[in-house]
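1. I would like the atomic coordinates for the input below:
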Amino acid sequence: MTSLHRRSKFVLLDRDGVINQKILGGYVTSWEQFAFLPKTLASLRLLTRNNYSIIVVSNQACVAKGLMSNLQLRRLTDRWTRIVERRGGKIEAVYYCTHRAEDGCACRKPRPGLLHKARKAHGFSFSKTFLIGDSESDLLAAYQVGCPAILISHSTSLSFEGLPHRPRAVVRDLFEASRHVIRGG
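-> Coordinates of the predicted model:
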């Protein structure tokens, strides 16, 4: 998934709830369960056309829980990233943490290990790279490395009063988040 040329602008995306429909209380473990959220493909195309390298950083404990194998996760990822490319977008790289929360690994968000791994491989600046996510763990991971964050949420009752890890913006979907990133935040 890595391109031969490096782009100078990067954006980090969570997967479930940002790119595809999240299964409440469960995991997307098969292609039949994977459903792109509305405007996702247009959003990824928009970011790609505006010279952003898109990197996915996502917790996927379904592997450690035995609900799917690493191979099945890789095949699922290959399938949805090929569709993104056919629709004009480009996923530069995908980094998953496949551990459970109780495993205490450094890559599972809200810990910033996945973000560090992506930065090491791609050489971007955290302060110039937005992370788009749908959870507080995404916000916390971004905050720990100095990465501006955008939260996708449909809640109108969110309060970040007094929290150091507030998002730069709260938006309804990836398309709105992408436009925010392109405008410079």
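
2. Quick check: longest helix in the chain by residues?
-> helix 70-86 (DSSP state H).

3. Convert the C-alpha atoms of that one to CSV, please.
-> What follows is the C-alpha trace of helix 70-86 in CSV, where atoms were taken according to Å, rounded to 0.1, in the frame of the first residue of the first chain:
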residue,chain,number,x,y,z
ASN,A,70,-4.5,-11.8,11.0
LEU,A,71,-4.9,-13.3,7.5
GLN,A,72,-8.6,-12.7,7.4
LEU,A,73,-8.1,-9.1,8.6
ARG,A,74,-5.4,-8.6,5.9
ARG,A,75,-7.8,-10.0,3.2
LEU,A,76,-10.6,-7.7,4.4
THR,A,77,-8.3,-4.7,4.4
ASP,A,78,-7.0,-5.6,0.9
ARG,A,79,-10.6,-5.8,-0.4
TRP,A,80,-11.8,-2.4,1.0
THR,A,81,-8.6,-0.6,0.0
ARG,A,82,-8.9,-1.9,-3.6
ILE,A,83,-12.4,-0.4,-3.7
VAL,A,84,-11.0,2.9,-2.4
GLU,A,85,-8.4,2.9,-5.2
ARG,A,86,-11.0,2.0,-7.9
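
4. I'd like the average pLDDT over that helix.
-> In this model, helix 70-86 has a mean pLDDT of 98.

5. Show me which residues of it are buried.
-> Of all the residues in helix 70-86, those buried under the rule 16 or more other C-beta atoms under 10 Å are 73, 76-77, 80-81, 84. The C-beta positions use only the backbone N, C-alpha and C, and glycine is treated the same way.

6. what's the farthest-apart pair in these?
-> Leu73 and Val84 (16.4 Å; C-beta to C-beta).

7. In the chain, what residue spans correspond to helices?
-> Applying DSSP H to the chain gives helices spanning 40-49, 70-86, 113-122, 136-145, 174-182.

8. Next, the buried residues of the last one.
-> Counting neighbours by 16+ other C-beta under 10 Å, one finds that the buried residues in helix 174-182 are 174-178, 180-182.

9. wouldn't Ile19 be in contact with Ala177 here?
-> No. Here Ile19 lies out of contact with Ala177, judged by C-beta atoms under 8 Å, at a distance of 11.2 Å.

10. Fine, thanks again, bye for now.
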